[in-house]
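# with the input below, show me the fold.
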Amino acid sequence: MNDCLFCRIVAHQSPSDIVYEDDAVVVFKDIYPKAPVHLLIVPRRHIASLADATDAATRNCWAAACWRRADWPRASATRRRASGWG
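As a prediction, this is how the structure comes out:
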């Protein structure tokens, strides 16, 4: 969906500071952070509204928020510097 900002970020068509991505989600820094670490987690598949979210999409986002977050600080120093995280 071309008019969706998040879809353009997922497709690397709009600038963003991506800190993590896999086959299900993309995680990037908020451009107007409200906390020292303020990240947005979006599914790769466009979801028009929360009512349209499938259980799988919801699980993927929660998984990224919970257990992938624990991995980011242990990422290599090079990867952290390259992403600007840590």
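# surely C7 meets H46?
Yes: the criterion here is CB atoms under 8 Å, and C7 meets it with H46 at 5.2 Å. For the C-beta atoms, the positions are set from N, CA and C on the backbone; glycine is no exception.
# excluding chain neighbours, what is closest to the residue most central in space within the chain?
In the chain, the residue lying closest to the centroid (CA atoms, centre = their mean) is V27, at 1.5 Å. Counting by CB to CB, 6 or more residues apart in numbering, V27 lies nearest to Y20, which is 4.1 Å off, once chain neighbours are set aside.
# SS state for that neighbour?
strand (DSSP: H, G, I helix; E, B strand; the rest coil).
# tally of neighbours for it?
For Y20, the count of nearby residues is 19 (other CB atoms under 10 Å).
# and the residue nearest to the centre of the chain, what does it touch?
I18, V19, Y20, E21, L39, L40, I41, V42, A64, R68 (CB atoms under 8 Å, 6 or more residues apart in numbering).
# quick revisit: mind checking pLDDT for the residue nearest to V27?
Residue-level confidence at Y20 comes out at 87, pLDDT.
# circling back to that earlier point, identify the bridge partners of the residue nearest to the centre of the chain.
Taking DSSP bridges as the rule, V27 bridges to Y20, I41.
# cool, thanks, signing off.
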